[in-house]
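*Asks:* I'll drop the sequence and a predicted model, then ask my questions.
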Amino acid sequence: MSFFKRIFSGKQKESLDSGLEKSRSNVFQKLSKVFTGRRRVDEELMDDLEEALITADVGVDTTVKILDRLRKRVRFEAYAEVQELYTMLREEIGGLFAEDAQGSATVNEPPLCQPRVIMVVGVNGVGKTTSIGKLAWRYNQAGKRVLLGAADTFRAAAIDQLKIWSERVGVDIIAQHMGADPAAVAFDTLEAAVARNSEVVIIDTAGRLHNKRGLMEELTKIRRVMDRIVPGAPHEVLLVLDGSTGQNAVEQAKQFTSTTDVTGLVLTKLDGTAKGGVVLAISDQLSIPVRFIGIGEKMEDLQDFEVIEFIDSLLPADWETQNA
């Protein structure tokens, strides 16, 4: 999806800053209590910093990893100033994402003559349908011929919502009735995509974690029938998670990744929550790259996830100015 970065290179960082305002305030409030009035780094400060990160939804395991590295650096590099510790904290957080990128799943690129097929998974209520609509809009804006497949046939509302989004965005959709075989819908969608020379196909699927075996069998069947029409499909599997649920999103992601090969994550509703720190935990623990983040209701508020911009918005570089 690198072409998005070229087309949307002019997007304003103010939008990201605004979307993460609640999370940034939450993190800074906690860090402020740790750093205020202190000029030297000691073990008591490190313990307080560890507690602050955990309560900021970074999670226990990820926080322990960050603090272990910071303790080693403080001893090895002989840093002692609070501002220097804050700079190291930003660097270690960035390192989590760097390692994630190195170990992440490789997205399967389709041949030039075939449509790119994206399968989207996620439970009800996480913003899956909205994310699909906004993703379709982005591809449409990029001049791509887009086709949606309504393979979440478990709920009539899911089909209706996706139809509304297809009309709103101006792209075609293949849909059947509630209760139809999801794999059959996916099959029909890819057949239509090939016939219409579609360049991008986005397949919606149902997510029912209360029946993991049934979910796995359904997703496996969908993948198998799509591969018959477009070899290698789906080329990407995006898991949509509600960022406002904090650590629950981490557990949900673990359950989904145990049933299907997820290649990328979409984190939604970050603008309405103070739990943006969960992005760090998800990236660290799952070794799956975050592709997009949702920071508002507008079409353009589904943004590419860019590590440097995210860290700068969540933890601005100039600690003393922000804490003034």
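*Replies:* Now that the structure is in, tell me what you want to look at. Numbers count the residues shown, from 1 in each chain.

*Asks:* who's in contact with residue 97?
*Replies:* Counting by C-beta atoms under 8 Å, 6 or more residues apart in numbering, residue 97 makes contact with 283, 307. All C-beta atoms are positioned from the backbone trio N, CA, C, and that covers glycine.

*Asks:* tell me who's in contact with residue 247.
*Replies:* Counting by C-beta under 8 Å, 6+ apart, residue 247 has contacts 57, 59, 278, 281.

*Asks:* now the strand or helix carrying the last one: mean pLDDT?
*Replies:* In this structure, residue 281 is located in helix 278-286 according to DSSP states H and E. Throughout helix 278-286, pLDDT has a mean value of 86.

*Asks:* with only the CA atoms kept, save that helix in PDB.
*Replies:* Listed next in PDB are the C-alpha coordinates belonging to helix 278-286 (Å, rounded to 0.1, in the frame of the first residue of the first chain):
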ATOM      1  CA  VAL A 278      -2.300   0.000  23.700                       C
ATOM      2  CA  VAL A 279      -0.800   0.400  20.200                       C
ATOM      3  CA  LEU A 280       2.600  -0.200  21.800                       C
ATOM      4  CA  ALA A 281       1.500  -3.400  23.500                       C
ATOM      5  CA  ILE A 282      -0.200  -4.700  20.300                       C
ATOM      6  CA  SER A 283       2.800  -4.000  18.100                       C
ATOM      7  CA  ASP A 284       5.200  -5.500  20.600                       C
ATOM      8  CA  GLN A 285       3.400  -8.600  21.500                       C
ATOM      9  CA  LEU A 286       1.900  -9.700  18.200                       C
END
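
*Asks:* and the angle for the helix or strand following it with helix 278-286?
*Replies:* Following helix 278-286 in sequence order, the next helix or strand is strand 290-294 (DSSP H and E). Orientation check (axes from the mean of the first three to the mean of the last three C-alpha atoms, to 10 degrees): strand 290-294 against helix 278-286 gives 160 degrees.

*Asks:* contacts for strand 290-294, please.
*Replies:* 1, 19, 127, 130-131, 134-135, 238, 243, 264-271, 279, 282-283, 301-305, 310.

*Asks:* who does it pair up with?
*Replies:* Strands that pair with strand 290-294, judged by DSSP bridges, come out as strand 264-268 (parallel), strand 302-304 (antiparallel).

*Asks:* hey, which of the ones you listed is tucked in deepest?
*Replies:* Compared across the strands paired with strand 290-294, strand 264-268 shows the largest average neighbour count, a mean of 25 (mean count of other C-beta atoms under 10 Å).

*Asks:* please state the offset of it from the chain centre?
*Replies:* Offset of strand 264-268 from its chain centre (C-alpha atoms, centre = their mean, to the nearest Å): 2 Å.

*Asks:* before we move on, back to that, can you redo the strands paired with strand 290-294 as a markdown table with mean pLDDT and distance to residue 139?
*Replies:* Shown next, in a markdown table, are those (pLDDT from 0 to 100; distance: least, C-beta to C-beta, whole Å):
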| stretch | mean pLDDT | distance to residue 139 |
| --- | --- | --- |
| strand 264-268 | 94 | 14 |
| strand 302-304 | 91 | 11 |
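
*Asks:* show me the one of the ones you listed that comes nearest residue 179.
*Replies:* strand 264-268 (26.9 Å; C-beta to C-beta).

*Asks:* can you list contacts of the closest one?
*Replies:* 107, 120, 122, 126-127, 130-131, 236-243, 249, 253, 278-279, 282, 286, 288-294, 302, 305.

*Asks:* out of those, which are buried?
*Replies:* By neighbour count, with 16 or more other C-beta atoms under 10 Å, the contacts of strand 264-268 hold 120, 122, 126-127, 130-131, 236-243, 249, 253, 278-279, 282, 286, 288-294, 302, 305 as buried.

*Asks:* before we move on, the earlier item: got TSV for the strands paired with strand 290-294, with distance to residue 144 too?
*Replies:* Output for the strands paired with strand 290-294, formatted as TSV (distance: least, C-beta to C-beta, whole Å):
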stretch	distance to residue 144
strand 264-268	18
strand 302-304	16
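
*Asks:* among those, which is nearest residue 115?
*Replies:* Comparing the strands paired with strand 290-294 under C-beta to C-beta, the one sitting nearest is strand 264-268, at 17.8 Å.

*Asks:* can I get the CA coordinates of the closest one in PDB?
*Replies:* Provided in PDB are the C-alpha atoms of strand 264-268 (Å, rounded to 0.1, in the frame of the first residue of the first chain):
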ATOM      1  CA  GLY A 264      -1.800  -6.300   9.200                       C
ATOM      2  CA  LEU A 265      -3.800  -4.400  11.900                       C
ATOM      3  CA  VAL A 266      -6.300  -1.600  11.800                       C
ATOM      4  CA  LEU A 267      -6.800   0.200  15.100                       C
ATOM      5  CA  THR A 268     -10.000   2.300  15.200                       C
END
